[in-house]
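[1] build me a model from this:
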Amino acid sequence: MNPIQGSPAAPVPDFDASDPAVCLFAKLRDRDYASQGWCVLEGRIVIEKALASGLELVALLTVPADADYWRQRLAGGSDVALRVLARPAMEQLVGFAFHRGALALARRPALGPACLPALGPKDRRVSLALWQVGDPDNLGALIRSAAALGGAAVFLGPGCADPYGRKALRASMGCTLSLPLYPVVDLAGLRAGLTAPAAVGSVATGPRLVAAALSPVALQPGQVVSAGDTVLLLGNEGWGLPPELVTQCDAVVCIPMASGVDSLNVAAAGAILLWELCQAHPAKNHAG
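    Take a look at the predicted model:
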């Protein structure tokens with residue numbers, strides 16, 4: 001009986017708290033793992049993308065229903081510490097509701113210097129640049145859209161969420177691990193990372209810029225979609241891009257809103273604009 005009459009007994013954890021591999025997952029907090037050079041992979045698809053990209057897994061937790069799959073998947077010399085826990089025990093261990101069957105820890109990738117491969121004189125390429133996109137779900141969704149629609153790379157400006165945080169990786173469905181990511185601090189650094197800066201056309205938009213239509217009126221043929229690199233620049237979820245960045249861009253493209261709607265979520269707006277830009281030249285979008 002507890003000291004307080006009638007109160008329920010504390011749940012008994014269904015895991016070995018002395019197991020070092022299990023302890024790695026206790027009360028997951030992204031910043032703690034980032035400081036140790038690790039990242040948290042949530043769900044089978046993200047873990048599979050990590051394995052395909054060559055990321056080094058350290059440990060993996062799985063629910064009993066998926067245990068055989070992961071035993072076979074990690075067989076053949078893998079030294080990943082595999083542990084099987086019931087779902088309630090896993091949730092108690094990690095500290096949040098979990099429904100995706102598996103969690104893994106991996107060595108954290110390093111962001112490289114911004115430098116894309118050279119383009120030929122008639123080649124075209126579309127990349128995405130993000131400024132102060134602080135929500136990890138939005139960041140992950142934008143990276144996923146860039147990967148799905150043919151974007152060559154994603155440039156991460158100041159104030160962006162951690163692309164290798166658990167939520168961003170989950171929202172990107174692991175595409176963060178397969179698409180080149182480059183940190184930049186300003187537009188000068190962005191242009192320097194492109195091999196043909198004289199040909200760069202930067203398209204600036206944001207969820208609050210809704211005055212012009214995405215049409216020939218706003219985007220004339222050859223104005224931005226031309227030989228060389230085109231960079232779609234997206235800003236913060238609440239206030240868009242800083243005005244000083246907008247004035248440095250070559251064009252501003254906006255999405256018209258129906259009456260009563262002032263904006264789209266930045267991830268939705270980014271997907272629409274990426275589709276429009278990438279469809280103009282689908283053959284040469286991927287870098288590397």
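[2] show me where pLDDT drops low in the chain?
    Counting by pLDDT under 70, the ranges of the chain that qualify are 1-15, 77-78, 114-115, 117-123, 193-228, 280-288.
[3] neighbours of residue 191, how many?
    By other Cβ atoms under 10 Å, 18 other residues sit near residue 191. Using the backbone N, CA and C atoms, a C-beta is placed for each residue, glycine as well.
[4] ok, and for whichever strand or helix holds it, which residues are buried?
    In the assignment (DSSP states H and E), residue 191 maps to helix 187-192. When burial is assessed from 16 or more other Cβ atoms under 10 Å, helix 187-192 yields the following buried residues: 187, 190-191.
[5] next one: it to chain centre, how far?
    The chain centroid and the centroid of helix 187-192 are separated by 21 Å under Cα atoms, centre = their mean, to the nearest Å.
[6] can I get it as CSV, trimmed to CA atoms?
    The C-alpha coordinates for helix 187-192 follow below in CSV (Å, rounded to 0.1, in the frame of the first residue of the first chain):
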residue,chain,number,x,y,z
LEU,A,187,23.1,35.2,-49.2
ALA,A,188,26.7,35.9,-50.1
GLY,A,189,27.6,32.6,-48.6
LEU,A,190,24.7,30.9,-50.5
ARG,A,191,25.9,32.3,-53.8
ALA,A,192,29.5,31.4,-53.0
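[7] residue 18: which element?
    Per DSSP H and E, there is no helix or strand for residue 18.
[8] would you map the strands across this protein?
    For the chain, the strands defined by DSSP state E cover 38-42, 57-62, 81-84, 102-107, 124-130, 154-156, 181-183, 201-205, 228-234, 251-252.
[9] give me whichever of the ones you listed is most buried.
    Most buried of these, by mean neighbour count (mean count of other Cβ atoms under 10 Å): strand 124-130, with a mean of 27.
[10] list the neighbouring strands of that strand plus their orientation.
    Here strand 124-130 is paired, per DSSP bridges, with strand 154-156 (parallel), strand 228-234 (parallel).
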